[in-house]
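[1] the following comprises the amino acid sequence and a computationally predicted model.
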Amino acid sequence: MNYRSQTSRTLHDEHVATMALLDRVEHAFGRADGSDPGIPTLARALARHLDHELGRHFGFEEEQLFPRLTAAGEGDIASLLQEEHGTIRAVAEELLPLVRTAGERALDAAEWDTLRRGMPELVERLVAHIQKETMALLPMLDDVLDEDTDRELSFAYASA
Amino acid sequence: MSLGGGTFLAGAPSRLLPASIPFRYFGAAVVFHIAAWLALAAGAADAPRFVGGLGWPLAALHLVTLGVLAMTAIGASLQLLPVASRQPVRVVRAAAAIWWLYTPGVAAVAAGMGAAMPRFIGVGAVAVFIALAIYAALLASNLAGARGMPVVIAHGWASLASLVATLATALALAGTYLGVVVIDRGAALALHVAFAAYGFMGLLALGLSYILVPMFALSSAPGTRAGLASLALAVLALLLAGAAAFGLAPVALRVAAVAAGAAAAALHLRLMAVALATGMRRALGLSFVLVRVGWVLLAASLAAALAVALDAPFDGTATLFGVLLVPGWLLTFLLGILQRIVPFLGSLHAGAAGAAVGRKRPPTPSALTAGRPLAIHFGCHVVALALLATAVVADNRWLALAAGTAGAAGAVAFGVFFAVAVRRMGGGARAA
């Protein structure tokens, strides 16, 4: 996907990495039991993603990008995406304690069942959100951001 | 590079029709879908060699074309085109009024055809004609002010022109039942089939694919130049078929029309294949298996069209062409897409309505999707198509009856999926 702005390209790269992680999560946590030996490593990667990368990504969009979209007359899509951020944060907060635990020790049957039931919702909401951002937000940024602003934003995001 | 659904999604909340508008069209299509397979079963004795004339096979054909394909196309395009063309929704009352005119009109036309009652056909055809004329005016008004998505908009214009040709030839055909002959019946029939199936509904399906396939697969939008080239070839094919219908070097022009149509389809399918192969979301489920089956049958319908043009020495050639074209390509493709659109639009509407009443989280599309009915529908639909094609090849009424029965069972399962989605939307749909 060839975006003009560096900001769009950076966000797109993060989406690709997130999709790859979600693909692995979907397969590993879709199984009936938690016997996959790769679960602890995957759970730690997911916890790190939900704890840090998701917040950084969402925060950057909410503080730097959505106000610019609104000013450019695209407030509808900005508010739609912001609402989805709230929903995804809520789902992630519910799952995070068990995801962290799965990274530290083997879950018992009840814990695994809770995590297995909750994971598809998190994956689906994140995929749908990436879908909307990839198709709506990133192309719009190419139109909305001039070269100087794009450079400033991508530098600020990289150093945050 | 712009992406498939960028302009589609932008501004979506303010450009959504009330849920009751598109969903009433989808709901009617679900009911007519069941009725179509039942009508086929009722007319099973004549179906394997059906090439026209009053009776239940003709009713089944129009229940699919008018009742399912055009009904869904109206509901989907009234919702999708304003968003794709960056136009505000201005037509809520007209969109609702069309349904009230169109739905009983289709029922009357189908009942009149099945029971061989020309008066019913006449009354129903007037209602359908007026409804489609209003729809054509709404479509033209929307397309005239369109911005962005040039491939989708160009397909919309070509589909609209085909709709006008379809309506004109439908009037001419209806006139023959009342003893009024405007143009030769054979010419009118050839024009009607080409412009209704490949023109109006086919071009609308191809055009909306440029929005929907990249959106669900998370891929780049297909190239504008290639999309417009595919459209130009399709329009050329229709014009050649139209000229052939008037007796102008019919065999040569029909063969040329099939060649142009095949080139258009090949280019379109190549663009869709690239979109699916390069998309970030590869697992698209049973719905896209149906879409792919539909695409294969589009190609098969063109091969059958060539056999018709060359007057192949087999009695069932024309019927087989119709089976591959209407339930094969158009219906299969549409049912695949519809099972994605219903939960997608449902979750957007339920989310907006839920937010208004303080509900914590909107439902996900999968939460609105009943998987088992869709799996049953998939199996029944594929079996029904295979049985119907075999019934034509073997000229066997019992196989046609089995096809109608399997298709009706699948259509009921699809109806269950739709009912579950609407029920799970809950307050969202009612509030809208």
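    Sure thing, it's come through.

[2] A strand includes residue B:181, no?
    No. Assignment of residue B:181 by DSSP: H, G, I helix; E, B strand; the rest coil gives coil, placing it outside any strand.

[3] with adjacent residues omitted, what lies nearest to it?
    residue B:175 (6.7 Å; CB to CB, 6 or more residues apart in numbering or on different chains). Where you see a C-beta, it was placed from the backbone N, CA and C, and this is true even at glycine.

[4] that neighbour: neighbour count?
    16 (other CB atoms under 10 Å in any protein chain shown).

[5] that one: which element?
    Assigned by DSSP states H and E, residue B:175 belongs to helix B:150-177.

[6] just want the angle from whatever helix or strand comes next after that helix to helix B:150-177.
    Beyond helix B:150-177 in the direction of the C-terminus, DSSP H and E gives the next helix or strand as helix B:185-193. Helix B:185-193 and helix B:150-177 are oriented at 150 degrees to each other (axes from the mean of the first three to the mean of the last three CA atoms, to 10 degrees).

[7] can you tell me which helices and strands the helix or strand residue B:142 falls within packs against?
    In the assignment (DSSP H and E), residue B:142 maps to helix B:118-144. With contacts defined as 3 or more CB pairs under 8 Å, 6 or more residues apart in numbering or on different chains; DSSP states H and E, helix B:118-144 has these neighbours: helix B:71-84, helix B:92-114, helix B:150-177.

[8] for chain A, what spans make up the helices?
    A:6-28, A:39-48, A:54-60, A:66-71, A:75-104, A:109-132, A:138-144, A:147-159 (DSSP state H).

[9] tell me where the model's unsure across the chain.
    Picking chain A for this. Scanning chain A for pLDDT under 70 picks out the ranges A:1-2, A:32-34.

[10] my bad, chain B
    Residues of chain B meeting the criterion pLDDT under 70: B:1-16, B:82-90, B:147-148, B:351-360, B:427-432.

[11] any residues of chain A in contact with chain B? List them.
    Within chain A, the positions adjacent to chain B are A:1-3, A:15-16, A:19, A:74, A:76-77, A:79-80, A:83, A:87, A:90-91, A:120-121, A:124-125, A:127-128, A:130-132, A:134-136, A:138-140 by CB under 8 Å from any CB of the partner chain.

[12] with adjacent residues omitted, what lies nearest to residue 45?
    Assuming you mean chain A. Excluding the flanking residues, the one nearest residue A:45 by CB to CB, 6+ apart is residue A:21, at 6.4 Å.

[13] please refer instead to chain B.
    residue B:397 (4.7 Å).

[14] check contacts around the residue nearest the centre of chain A.
    Nearest to the geometric centre of chain A sits residue A:54, at 4.8 Å (CA atoms, centre = their mean). By CB atoms under 8 Å, 6 or more residues apart in numbering or on different chains, the contact set of residue A:54 is A:88, A:89, A:92.

[15] which residues touch the second one?
    Pointing back at residue A:89 there. With CB under 8 Å, 6+ apart, residue A:89 has these contacts: A:54, A:58.

[16] quick check: phi and psi on residue B:220?
    Phi and psi for residue B:220, reported as degrees, to the nearest 10, are phi -70, psi 150.

[17] thinking again about what came up before, how much space separates the residue nearest to residue B:45 from residue B:57?
    To residue B:57, residue B:397 is 11 Å away according to CB to CB, to the nearest Å.

[18] mutual contacts of those two, please.
    Shared contacts of residue B:397 and residue B:57, defined by CB under 8 Å, 6+ apart, are found at residue B:47.

[19] more neighbours: those two, which one.
    A direct count of neighbours by other CB under 10 Å for residue B:397 and residue B:57 places residue B:57 higher, at 27 against 16.

[20] that one touches residue B:45, doesn't it?
    No. Contact between residue B:57 and residue B:45 fails when scored by CB atoms under 8 Å: they sit 9.2 Å apart.

[21] show me what contacts residue B:105?
    Residues near residue B:105 by CB under 8 Å, 6+ apart: B:123, B:124, B:125, B:126, B:127, B:128, B:131.

[22] am I right that the residue nearest to residue A:45 is in contact with residue A:43?
    No. Contact criterion CB under 8 Å: residue A:21 and residue A:43 do not qualify, at 11.3 Å.

[23] list the residues that contact residue A:124.
    Residue A:124 neighbours (CB under 8 Å, 6+ apart): B:364, B:365, B:366.

[24] again, 6 Å this time
    Residues in contact with residue A:124 (CB atoms under 6 Å, 6 or more residues apart in numbering or on different chains) are B:364, B:366.

[25] how near is it to residue A:87?
    Look at residue A:124 and residue A:87: by CB to CB, they are 11 Å apart.

[26] burial check on residue 49, number of neighbours?
    Just going to use chain A. Look at residue A:49: counted by other CB under 10 Å, it has 21 neighbours.

[27] wait, chain B was what I had in mind.
    The burial count for residue B:49: 14, using other CB under 10 Å.

[28] can you report phi and psi for it?
    Torsion angles, degrees, to the nearest 10, at residue B:49: phi -120, psi 30.

[29] go ahead and confirm residue A:118 touches residue A:95.
    Yes. Between residue A:118 and residue A:95 a contact is recorded at 5.0 Å, counting by CB atoms under 6 Å.

[30] okay, those two: which has more neighbours?
    Using other CB under 10 Å, the more surrounded residue of residue A:118 and residue A:95 is residue A:95, with 20 against 17.

[31] residue contacts, that one?
    A:118, A:122.

[32] now with 10 Å, please.
    Applying CB atoms under 10 Å, 6 or more residues apart in numbering or on different chains to residue A:95 gives the contacts A:29, A:46, A:47, A:50, A:102, A:114, A:115, A:118, A:119, A:121, A:122.

[33] how about those in JSON lines, adding distance to residue B:103?
    Below are those laid out as JSON lines (distance: CB to CB, whole Å):
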{"residue": "A:29", "distance to residue B:103": "45"}
{"residue": "A:46", "distance to residue B:103": "49"}
{"residue": "A:47", "distance to residue B:103": "53"}
{"residue": "A:50", "distance to residue B:103": "48"}
{"residue": "A:102", "distance to residue B:103": "53"}
{"residue": "A:114", "distance to residue B:103": "46"}
{"residue": "A:115", "distance to residue B:103": "47"}
{"residue": "A:118", "distance to residue B:103": "42"}
{"residue": "A:119", "distance to residue B:103": "43"}
{"residue": "A:121", "distance to residue B:103": "37"}
{"residue": "A:122", "distance to residue B:103": "41"}
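
[34] for those residues, which one is nearest chain B?
    Closest approach to chain B among those (CB to the nearest CB): residue A:121, at 6.3 Å.

[35] tally of neighbours for the closest residue in space to residue A:29 that isn't next to it in sequence?
    Spatial nearest neighbour of residue A:29, excluding adjacent residues (CB to CB, 6+ apart): residue A:119 at 4.3 Å. If you count neighbours by other CB under 10 Å, residue A:119 ends up with 21.

[36] sorry, back to before: out of residue A:21 and residue A:43, which sits in the more crowded spot?
    For residue A:21 versus residue A:43, the count of surrounding residues by other CB under 10 Å is larger for residue A:43: 23 against 18.

[37] cheers, nothing more for now.
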